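*Asks:* Sequence and predicted structure, then a few things I'm wondering about:
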Amino acid sequence: MDKRLYVELPPFTGRNVPITEIAKAIGKDAHYVRIGIQQGILKFGVAMKMGDSNEFSYYCSDRKVWEETGYFNGEVKKQGKEKALA
């Protein structure tokens, strides 16, 4: 007999989760998270170097953060919708 397991997924939106929010959720410093993403050690985000400068831009989708860390915050999107409707 084929047994199946069903998992209810959070309502992902593709939101770019801020580095500081991720750092707080995993109990690390924001600098630790940035360096981990830049070096490819932390797989839940990408870092892109901006032109000739030493600055990076980061994108961490809510889905990848959840898959790698188990952290998801659905309240952020709800608050944004309420403000838009007000």
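*Replies:* Yep, it's here. Computed from a predicted structure; not experimentally measured.

*Asks:* nearest residue to F12 other than its sequence neighbours?
*Replies:* Leaving aside its chain neighbours, F12 sits nearest to R63 (4.4 Å; criterion: CB to CB, 6 or more residues apart in numbering). C-beta: built from backbone N, CA, C; applies to glycine.

*Asks:* what separates that neighbour from L42, distance-wise?
*Replies:* 15 Å (CB to CB, to the nearest Å).

*Asks:* ok so, going back, what's in contact with the host helix or strand of the residue nearest to F12?
*Replies:* For R63, the element it lies in under DSSP states H and E is helix 62-69. For helix 62-69, contacts defined as CB atoms under 8 Å, 6 or more residues apart in numbering pick out 10, 12-15, 17, 22, 25-26, 42-45, 71-73.

*Asks:* Looking at the residues you listed, which are in strands?
*Replies:* With strands taken from DSSP state E, there is no overlap with those.

*Asks:* In helices, which of the residues you listed appear?
*Replies:* Among the contacts of helix 62-69, the members falling in helices (DSSP state H) are 22, 25-26.

*Asks:* Closest to N54 out of the residues you listed?
*Replies:* Set against N54, the nearest of the ones in helices among the contacts of helix 62-69 by CB to CB is I22 (21.5 Å).
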